[in-house]
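J.: need coordinates for the following:
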Amino acid sequence: MTASEIDTKGYQSLLSLKDNTAGDSFDLYYGLFMYNPNSIEELERLEEAFSSVKQLLFNRLHGVVRKELFKDTAPTPQNAEPPSLLPAPMLPDVIDVQSDTPKGT
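T.: Residues are numbered from 1 along each chain as shown. Take a look at the predicted model:
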């Protein structure tokens with residue numbers, strides 16, 4: 001991680017945190033883990049946050065790639081919606097528009 005011209009305040013804060021903790025020993029983190037009653041909960045929240053960000057990134061990537069792949073594609077029999085696997089509805093030959101029932105019934 002290095003500073004750049006487009007750093008946000010959050011990224012600058014993250015760089016500062018990295019600089020402050022880069023020399024800390026594993027024993028320090030182990031002690032924080034062992035003696036903080038909320039450590040498991042905090043680790044789970046951190047994992048959920050990373051997972052959420054990862055999912056958002058992949059979802060957006062999927063949209064970009066899909067748009068790029070299909071930008072010049074017009075509907076054709078090859079890429080049209082697949083046919084329905086359900087049978088066609090059974091309709092009477094003639095329907096009375098006024099009552100939605102077959103004529104003559």
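
J.: Phe70 and Lys9: what is the separation?
T.: 38 Å (CB to CB, to the nearest Å). Bear in mind the C-beta positions are built from the backbone N, C-alpha and C, glycine included.

J.: to clarify, my last question referred to Phe26.
T.: For Phe26, the distance to Lys9 - CB to CB - is 30 Å.

J.: how about the helices in the protein?
T.: Along the chain, counting by DSSP state H, helices occupy 9-21, 26-35, 39-69.

J.: for the protein, give me the ranges with low pLDDT.
T.: Across the chain, residues meeting the criterion (pLDDT under 70) sit at 73-105.

J.: if you set the cut-off to 80 instead, what comes out?
T.: Applying pLDDT under 80 to the chain flags residues 72-105.

J.: neighbour count: Phe70 and Lys9, which is higher?
T.: Neighbours were counted for Phe70 and for Lys9 using other CB atoms under 10 Å; Phe70 has more, 10 against 7.

J.: re the thing from before, dump the helices of the chain to a markdown table, plus distance to Thr2.
T.: Rendered in a markdown table, the data for these read as follows (distance: least, CB to CB, whole Å):
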| stretch | distance to Thr2 |
| --- | --- |
| helix 9-21 | 8 |
| helix 26-35 | 24 |
| helix 39-69 | 21 |
